[in-house]
Structures are given as structure tokens and as C-alpha cells.
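K.L.:
When you get a sec, could you give me coordinates for this:
(one chain, ligands or ions: 1)
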Amino acid sequence: MRPMPDPARAPRVAFVTLGCKVNQAESDTIAAALPDACVVRDAAEADVVVVNTCTVTGEADHKARKAVRHALGLPNAPTVIVTGCMAALDAGGTAALGDRVIAEPDKKRVLDRVVEIAGRADTGRAGRRSRTRVQLKVEDGCDAFCSYCIIPYARGVPRAVPLAEIVATSEELAAAGVAEVVLAGINIGRYSDGGARLPEVIEAVAATGIPRVRISSIEPGDVDTRFLEVAARTPAFCRHLHIPLQSGSDAVLARMERPYDTGRFADTVAAACNALPGVAISTDVIVGFPGETDAEHRETLSFVEHTGFSRLHVFRYSARAGTPAAAMADQVPPQVRAARSAELRALGERLMLQTAGAARGRTAELLVERVAPARPDGVRRVEGTTREYLRAVVVHATAAPGALVRVRLGEADATGMVSSVVESLG
Ligand code: SF4
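P.N.:
I've put the predicted structure just below:
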């Protein structure tokens, strides 16, 4: 029998979110619709745990199942609502994970499920939002069918959130004092609502007065003249682009069915740097794609190094059943994938430290995200992120999460955290 929440107190709901920024945006939206007192960080205190899953690779699937099993094993025996791509692709298999599992493929219904189970969650909905950074989903789905990716099968073709809805939400966020909005989607370059494409979304969101607007990720082909023109003339637009490379070998890119080669990618980066001086560009790379030779891996290392990315997210290829790549011959042995991943991660760390080092002496706007852990000197410090997505820490007696502080950047520590001083505007 399903344990019922204690009627004497508000039911507590925790969120475990895996995968991409779209999942994060969707979890945030559901949490924001619940009363403050209902949402807890620690799943061990929750009556209901919502696991928002990802299924982009075999490994992601494995992690999602593990998260569900972990939630089921908690001593408070919560009900576990599983949503996201795994529930969408395999609702039956997901529900079979346990008798306290509810598979809900439709994220729009998750809130109703929570309310049904928790009984009283509709009392005092508070519209709880972080004032710091909010992920705003503007698009869902993808029809690019890269050969390793299950997402087009799991999420279907691109669908745009209507521009009017995006503007209405952004106005609410601006009025609530939110400092930064991240426009998120599976493939936001595919945004299309009437005549509005991604550049129009950026302009419209910035026009609501939100101080900082950024995009979660953009495919190289969508970094076109119009996009760069709008980004350059929109002061709120943060000069950081995450452009997934996936491989620095043309042969591997072709097998991945990515619609560009390294020459085109390099031209895109050059155009972005030209239009947006000071822009930081981060990327994703998949190592150990089927058939990847040692020479192809070296091509990736060299391309990544020469492009000078600010940050690198390295993913070890893991076969996702149902994708063309999973059926390809020449799967790369796990130990080779692990070694290549370690090599690229080390390069990524080096590039991150180089980027932080090169920023030394510059002024930047820091969005304060949290009070830094106490140090022996007892001085209050806050941590946050610059517009270029550098992490920085500064001594500040009062700044609270959500504040924007002008700082001068100093030296970075081994983790890339930049020490900075408050810049007087006087
Ligand atoms: S662009 Fe490719 S990798 Fe990205 S979601 Fe679409 S199919 Fe997957």
C-alpha cells in the first residue's frame, strides 16, 4: 500500500533531475507551481520524489534507473513519479521498476499527479521562483536524427512554445526581479512560431527588462548572420555560446550524421568571435564513437586545442539501443573510451584555466548565486557567474543571491574559480 503523507503537515516533494537544461527547466516549472513549504531539496525528507529522466545514451538510461531505485530505497518510502525521456520511450518498463513507481510520460500532467498523491498541494500555491537564474523552456523536440541520439524518437519533432506565452512568462519573471533567464530547448535553433525564430525570441525576452538573457546551447548551423546581428545589438544577451562540436574529425562527424565539418565549425566560431567580441564558447565532445581511430581522436584533440574553447563537456560514447550508431560495427572498447575521455578532460581543464587566466584584470558583471562556504578568516564572500560564464568569488558584506555586482577579475584557483574585487563605479 502507498504510504500517505502526514495530514498534519504539507506534503513534501523533491525533484531529481537528470540530463539536459530542458529537463531542468521543466522540473523548475513544476516546482514553481507548488507552495514553498512543499518543495524540499533532500529526497530523504520527501513524500513524493519526481525523477525527471534522460535517455540520451545507454549510460543515461542506466543512471535514470539507478536514481529511481535509489528513491525507492529511501527509508521514508516515497511515491516516485518518473517522467522525462525514459518514461516517454518505455512507460511499461519504467512502471515495472517498483510498485511505488508512477510512470508519467506527459510532463504537463506531473503536477496533477503530485497534487493527486499529496492531496493538499494545491493550497497556497506561491509561484516560487529563484530570483537568480531561471531556465525557460522555449522549444521541445528535434528532427536532426544524429546517428547516436535517441532524442528525436523520445521527444518527437520540434515544437515551439508560443512567443506570446514566452513573453508573458518573461514579464512575470522580470517583475519578480529575476536576474537571468536561460532560454532552453532540445534544439532551440529549430524554434519557429509564425514568423518568429530564435533571434525574435531573444529580442522579445530582452525587451521585458530581464537584465541577462542567455541560451542553453545552439547548433553550429544556427549561428547565422541574423542570430549574430541580434545577439550583438541586444545588451542583455550574455556573451557565452555553447556550440556542440561532438568530434573534431570530419570522418567521425560524417558517421555521426552531423550536418557540418570542422572547416564550417571553425568559420562559425570565427564569425561569432567577430560579431561578439569577448564571447566565450564552450562545447560538447563525444569520445569513442563507433569506429573512432586513434588518429581521429588526435584530430579531435588538436581541433579542440586550436579552437580554444572556454569549457569542454566530455561524454564517453555509450550505445543507445534504437539508434543507428548502436548497430555500427567497430564499437570502441570501454577502456579505450575511458582513456580518450581522460585525455580530453585534461585538455578541457587546461583550456578552462587558460580562459580564466586570460580574463585577469578585466571588469565583469557577477550574478551572485550563493554565499561562499566560510573560510578561516571569517570574511563573508559570495560566488557567482559572469556573463561569459566564468565562476568568480568576491568579498562582499551584503550582496544576496540574485544581486548583480561589478567586479575586477583576479587570479583563478586550480578549479577555475576566479578571485575578484568589487569594482567601484564612483
Ligand atoms: S541535434 Fe542531434 S544530438 Fe542534438 S537532440 Fe537533435 S538529434 Fe540529438
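K.L.:
Phi, psi for the residue of the stretch 251-400 of the chain found nearest the ligand please.
P.N.:
Residue nearest to the ligand within the stretch 251-400 of the chain (C-beta to the nearest ligand atom): Arg258, separated by 7.3 Å. Yep, even glycine has a C-beta here, placed from its N, CA and C like the rest. When read as degrees, to the nearest 10, the backbone of Arg258 gives phi -80, psi 140.
K.L.:
which residues touch it?
P.N.:
Arg258 makes contact with 146, 246-247, according to C-beta atoms under 8 Å, 6 or more residues apart in numbering.
K.L.:
before we move on, what about Thr55?
P.N.:
61, 64, 84-86, 89, 150, 154, 320.
K.L.:
about what we covered before: output the contacts of Arg258 in TSV; the columns should cover neighbour count and secondary structure.
P.N.:
Output for these, formatted as TSV (neighbours: other C-beta atoms under 10 Å; DSSP: H, G, I helix; E, B strand; the rest coil):
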residue	neighbour count	secondary structure
Cys146	21	coil
Gln246	24	strand
Ser247	26	coil
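K.L.:
Can you narrow those down to the ones near the ligand?
P.N.:
Subset of the contacts of Arg258 in contact with the ligand: Cys146, counting by C-beta under 6 Å from any ligand atom.
K.L.:
And the contacts of Arg258, which is closest to Ala275?
P.N.:
Gln246 (23.2 Å; C-beta to C-beta).
K.L.:
Can you give me the distance of that closest one to Phe303?
P.N.:
11 Å (C-beta to C-beta, to the nearest Å).
K.L.:
repeat for Ala319
P.N.:
24 Å.
K.L.:
Give me the more crowded residue out of these two.
P.N.:
Set side by side, Ala319 and Phe303 show more neighbours around Phe303, with 19 against 16, by other C-beta atoms under 10 Å.
K.L.:
Pretty sure that one sits against Gly248.
P.N.:
Yes - the pair Phe303 / Gly248 is scored as a contact, 2.8 Å apart, by C-beta atoms under 8 Å.
K.L.:
mind checking how far the residue of the stretch 251-400 of the chain closest to the ligand is from Asp284?
P.N.:
11 Å.
K.L.:
next one: Ala397
P.N.:
Taken as C-beta to C-beta, the span from Ala397 to Asp284 is 39 Å.
K.L.:
between those two, who's got more neighbours?
P.N.:
Set Ala397 next to Asp284 and count neighbours by other C-beta under 10 Å: Asp284 wins out with 16 against 9.
K.L.:
Ramachandran coordinates for that one?
P.N.:
According to degrees, to the nearest 10, Asp284 has phi -110, psi 140.
K.L.:
secondary structure class for Leu228?
P.N.:
helix (DSSP: H, G, I helix; E, B strand; the rest coil).
K.L.:
farthest pair in the contacts of Thr55?
P.N.:
Gly84 and Arg320, at 14.7 Å, using C-beta to C-beta across those.
K.L.:
Just want to know which of those two has more residues nearby.
P.N.:
More crowded of Gly84 and Arg320, by other C-beta under 10 Å: Gly84, with 29 against 22.
K.L.:
Can you pull the residues of the stretch 101-250 of the chain lying near the ligand?
P.N.:
Checking the stretch 101-250 of the chain against the ligand by C-beta under 6 Å from any ligand atom, the hits are 142, 144-146, 149, 151-152, 186-187, 219.
K.L.:
Dump those residues to CSV, plus pLDDT.
P.N.:
Listed next are these as CSV, based on pLDDT from 0 to 100:
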residue, pLDDT
Cys142, 93
Ala144, 93
Phe145, 94
Cys146, 95
Cys149, 92
Ile151, 89
Pro152, 91
Ile186, 91
Asn187, 94
Glu219, 97
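K.L.:
From these, keep the buried residues only.
P.N.:
142, 144, 146, 149, 151-152, 186-187, 219 (16 or more other C-beta atoms under 10 Å).
K.L.:
can you map out the strands along the stretch 101-250 of the chain?
P.N.:
Counting by DSSP state E, counting those that start in this stretch, the stretch 101-250 of the chain has strands at residues 101-103, 133-137, 139-140, 159-160, 180-184, 212-215, 240-242.
K.L.:
Could you name the helices and strands sitting against the last one?
P.N.:
Going back to what we said before, that points to strand 240-242. strand 212-215, strand 280-287 (3 or more C-beta pairs under 8 Å, 6 or more residues apart in numbering; DSSP states H and E).
K.L.:
Quickly run through the sheet partners of it, with directions.
P.N.:
Note on strand 240-242: by DSSP bridges, its sheet partners are strand 280-287 (parallel).
K.L.:
Next: the second one.
P.N.:
Each strand pairing with strand 133-137, determined using DSSP bridges, is listed with its direction: strand 180-184 (parallel).
K.L.:
The partner strand - what's its average pLDDT?
P.N.:
The average pLDDT within strand 180-184 is 95.
K.L.:
Where do the helices of the stretch 201-350 of the chain begin and end?
P.N.:
225-233, 250-255, 262-275, 294-307, 334-358 (DSSP state H, counting those that start in this stretch).
K.L.:
deepest of those, which one?
P.N.:
Ranked by mean neighbour count, these are led by helix 250-255 with a mean of 19 (mean count of other C-beta atoms under 10 Å).
K.L.:
nearest spatial neighbour of the residue of the stretch 151-300 of the chain found nearest the ligand, skipping sequence neighbours?
P.N.:
The stretch 151-300 of the chain approaches the ligand most closely through Ile151 (4.0 Å), counting by C-beta to the nearest ligand atom. Nearest non-adjacent residue to Ile151, counting by C-beta to C-beta, 6 or more residues apart in numbering: Cys142, 5.3 Å away.
K.L.:
so where is the stretch 51-200 of the chain shaky, pLDDT-wise?
P.N.:
Counting by pLDDT under 70, the stretch 51-200 of the chain shows low-confidence ranges at 118-130.
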